[in-house]
Structure formats: structure tokens, C-alpha cells
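J.: let me see the structure of the following:
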Amino acid sequence: MLFTVPREVLTKGQARGGKYYRRTPTGNPKRPWRYYYTRKQYEQEHGAKAHVSGGEAQQARQTSNAHPIQQEDTVPPPKGYPTVPAKPSKDEARVGLCGSCVSPPQPIPRLPNLTVEERSAEHRFATAFETHPEELVDFYLKKLKSGEIGDAPNVFSTDDAKLLSPDYNPAGKSDEEIRDARSTLNLAVHQTANAVAKRAFMKHLDTLQSLPEGHPHKTVLITSGGVASGKGYALGNVDEASSIAKTVGAVWDAAGEQNATENEWVHSELTKRGLNGVFVYVDSDPTDTWENPQRGVIERAGKKGRMVDARLFADSYAEGAKNFKAFHDKYKDKTQFLILQNRGKPHLVNEMPQEAFVNGDALYKRASKVIDEKTDIRPAVRRGASIGRRVWGPP
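T.: Below you'll find the model as predicted:
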């Protein structure tokens, strides 16, 4: 089922008429696209190498040791917009908004080194949100409430908000085409989806604030863990966690790619409203969750489409565990925590397991090697796992 933002919200600044050769984002909400009607016109501004034919591209790859995806031509971000950080920190991941940021007023950061197709998907979704933030947030809330997207009306997730993008979730396409779009454009739409989910979550928290003291819905569950760590499975199979999850007023299901950078922000928003938080971390083995044939990232992408880049997958474990531990150490005497180990049968542990702390660069190299050597995956999944080599550099 497809649920995307109404076309009139997303399509502004159309071409003057007729078929155009290329278009590129301008960064101006009133005129978001610059249209080129001939190849010559495009190359006058972007250079003759802006469009390389298949044969030329193959020849270029043969003269370089770089991965083919690194040889692709790119379009720079629109002028005047911030870009995501080149390296993660305790406050910022390589994707999404910074941990404590909310948009608006924070503009949507753009990614570097995207192809024209990726840049167009990024820019269309971002511009729609920057121009109509409340409409997109209300549209997301409406779809959550109706049960058309998401796990429940009170579960807020960046990945669910991606379904509002007509590029990531195209209408009128086959199931295979939809899966391919979700595999290849997951990275491009992440920033805007994160902004939508965060603002919608805050609006929902406002509704909980007025509940009487002691009401179970004045407690909020916040989940962290590496990509495909099995948060839902672990929560449902540990009694102490499942009993809490069934009664809370909201769940912030943090994207693994955010590296547990949002916990300080959530804690602050809860404190402002007199709400309580239960912060959960799920530890899993990243050498298993990447290619596990039953529940791994690659397997999930083959069925559902969404594919996480190998660089971000590695960060989610290496940086996420480190950031959650720092947050836990700071607040463990002030708020409730549940740390679940999901290696084998899920169970509750008292402290962050030592196994949770891994080397991100080594994990990135391993995950990339698996993708390069694995033969039984769709090309779109392979591409979605490898885009980070062009955006941030090879392993």
C-alpha cells in the first residue's frame, strides 16, 4: 500500500512546458528546480563530463581501482544549505538532524556527493517539508492514527516517515520497482524523514502533558540499538520490557543510523512536560545482523526494500554503543534504563555488554566485503549498501 504526500504539496516550480533534458535543485523554495532543455545547455554550466555514457563510464572505471559507485557523476548540494557532518560525534550522526535539533527552525541538512537522481529525491522531499512543515507532520500523524503506516499510532519512527516521499515510495509502480526505490533512495530521504518524525513526536508529547499524575501514558519508551539489532523482537521477548511497552503513551523508535544521539533531546523534551522516560538499548552481534539469512539487513532489504548503507550500519554499532553508554552513565541514577542483550535468547543485563563496543572502520570494511562478494542479492540492494563509498569514502 502506498501513502505519499499529496502531489500538490510536493510539485512546485514545474518546467515551462515540454520535455526537459535535466533538472537540478536550486535551494530556492519558490523556484526549486533549474531546468535544462538540451545537453549542450546543461554541459555549459556543469561541464562536458556531467553526463558520461555507459561506455565512457566503463572505460573510466577500468582505469581506476575505485569502486564503480565512486566513479559516478554527482550534483553538489544547493547553495546556502548546511550539509551533514563528514564524521559522527556524540551529538551528530552522518545523517539526519543533529541529536538536539528540530526542524524548523533547523534547515534540513543535505548530503554531499549525490547523483542527480538522489539529489532530486533529497531536494523534493526536503523542500516540501521546509515549505509546508505542519502539513507534512499532520499528514504523517493522520497515517499513523489510521494504521496505514507504522507499528502503532503512538510509535514514531524516521523509517516510517520516509514513506511520505513519492520518490522513495512511488505510486503506480510494481512491487519490485518500489523495493528498488527504497533500496537506492533510503539515504537521500533520511534527513527529511527524521525531521518529520521528530516534530510529530513532539506534538504527541504535548497531548500527554495534560494527563493526570500517575497515568501510565505519562511514561514514554525510547529505543536505541544498531541497525537491525532486533529491538522489537527483544522488547517482545523480555518480560520486564514487554510489560512496559504495552502501557506507555508513546515510543520513540530511534533509527539505528542516528547512533543514539537523540536521547539527550528526548530526555529534555520529556522533562519540560513532566513526563517519564524508559530508555532501552538492544545489543546484538553486528557480524550476524548484517547478512543473517533470517533477519539481517540484506535479507530485510530483499523483502521490504529499505537498505542501509554499510558505513552507517557500522556507525550505528560503534558510535551508538559508545553514545548510549555515556548517556546511561550520566542519567542512570535519575531515570529508568533497560539494557537488553539480543545474542541468542534476549535477556536483561545490568550494564552495557563489553561486546557492544566494536571498531567502526573494521566493521565497515567487513560489511562492504560481504556486499561485494555476495552473489544472491538484487542490484538495488547492493547499490543501497554501497552509496556511502561515494558520499563519505571507501572502507
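J.: in stretch 205-222, what's buried?
T.: 205, 208, 218, 219, 220, 221, 222 (16 or more other Cβ atoms under 10 Å). For every residue, glycine as well, the C-beta is placed using N, CA and C.
J.: if I look at the second one, how far off is residue 174?
T.: When you say that, I think you mean residue 208. 41 Å (Cβ to Cβ, to the nearest Å).
J.: could you do residue 304 as well?
T.: Counting by Cβ to Cβ - residue 304 and residue 174 are separated by 15 Å.
J.: looking at the two, which is more packed in?
T.: In this view residue 304 and residue 174 are compared by other Cβ atoms under 10 Å, and residue 304 has more residues nearby, 13 against 9.
J.: what residue lies at the spatial centre of the chain?
T.: Centroid-nearest residue in the chain, with Cα atoms, centre = their mean: residue 190, separated by 3.8 Å.
J.: that one sits in which helix or strand?
T.: Residue 190 is part of helix 186-209, with elements assigned from DSSP states H and E.
J.: in that helix, what counts as buried?
T.: 186-202, 204-205, 208.
J.: would you map the strands across the stretch 51-200 of the chain?
T.: Under the criterion DSSP state E, counting those that start in this stretch, strands of the stretch 51-200 of the chain are mapped to 155-156.
J.: so where is it shaky, pLDDT-wise?
T.: Within the stretch 51-200 of the chain, the ranges that satisfy pLDDT under 70 run 51-64.
J.: just the CA atoms of the helix or strand residue 314 falls within, as PDB, please.
T.: Taking DSSP H and E as the criterion, residue 314 maps to helix 310-331. Output of helix 310-331 as PDB, limited to C-alpha atoms (Å, rounded to 0.1, in the frame of the first residue of the first chain):
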ATOM      1  CA  ALA A 310      27.400  -0.200   5.100                       C
ATOM      2  CA  ARG A 311      29.100   2.900   6.500                       C
ATOM      3  CA  LEU A 312      26.000   3.900   8.500                       C
ATOM      4  CA  PHE A 313      25.500   0.300   9.600                       C
ATOM      5  CA  ALA A 314      28.900   0.200  11.100                       C
ATOM      6  CA  ASP A 315      28.500   3.600  12.800                       C
ATOM      7  CA  SER A 316      25.200   2.500  14.300                       C
ATOM      8  CA  TYR A 317      27.000  -0.100  16.400                       C
ATOM      9  CA  ALA A 318      30.400   1.500  17.000                       C
ATOM     10  CA  GLU A 319      29.100   5.100  17.700                       C
ATOM     11  CA  GLY A 320      25.700   4.100  19.000                       C
ATOM     12  CA  ALA A 321      27.000   1.900  21.800                       C
ATOM     13  CA  LYS A 322      29.500   4.500  22.900                       C
ATOM     14  CA  ASN A 323      26.900   7.300  22.900                       C
ATOM     15  CA  PHE A 324      24.300   5.300  24.800                       C
ATOM     16  CA  LYS A 325      26.800   4.300  27.500                       C
ATOM     17  CA  ALA A 326      27.700   8.000  28.000                       C
ATOM     18  CA  PHE A 327      24.100   8.800  28.300                       C
ATOM     19  CA  HIS A 328      23.400   5.900  30.600                       C
ATOM     20  CA  ASP A 329      26.300   6.800  32.900                       C
ATOM     21  CA  LYS A 330      25.100  10.400  33.200                       C
ATOM     22  CA  TYR A 331      21.400   9.600  34.000                       C
END
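J.: ok so, going back, can I get the helix or strand following the helix holding residue 190 in PDB, CA atoms only?
T.: Next along the chain after helix 186-209, taking DSSP H and E as the criterion, comes strand 219-225. Output of strand 219-225 as PDB, limited to C-alpha atoms (Å, rounded to 0.1, in the frame of the first residue of the first chain):
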ATOM      1  CA  THR A 219       5.700   7.300  30.500                       C
ATOM      2  CA  VAL A 220       7.500   7.200  27.200                       C
ATOM      3  CA  LEU A 221       9.700   4.400  25.800                       C
ATOM      4  CA  ILE A 222      12.800   5.300  23.900                       C
ATOM      5  CA  THR A 223      14.600   2.600  22.000                       C
ATOM      6  CA  SER A 224      18.200   2.600  20.700                       C
ATOM      7  CA  GLY A 225      20.400   0.000  19.100                       C
END
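J.: what about the helix or strand that strand 219-225 is followed by, average pLDDT?
T.: Remark: after strand 219-225, the chain's next helix or strand is helix 231-236, criterion DSSP H and E. Averaged over helix 231-236, pLDDT sits at 95.
J.: contacts for helix 231-236 next, please.
T.: Counting by Cβ atoms under 8 Å, 6 or more residues apart in numbering, helix 231-236 makes contact with 151, 223, 225, 241-242, 245, 253, 280, 282, 295, 340, 342, 346, all of which sit outside it.
J.: at 10 Å what do you get?
T.: Outside helix 231-236, the residues that touch it by Cβ atoms under 10 Å, 6 or more residues apart in numbering are 151, 155, 221, 223-225, 230, 241-242, 244-246, 251, 253-254, 256, 280-284, 295, 338, 340-342, 345-348.
J.: these two touch, right, residue 308 and residue 229?
T.: No. Judged on Cβ atoms under 10 Å, residue 308 makes no contact with residue 229 at a distance of 11.8 Å.
J.: now do the shared contacts for these two.
T.: With Cβ under 10 Å, 6+ apart as the test, residue 308 and residue 229 both reach 256, 316.
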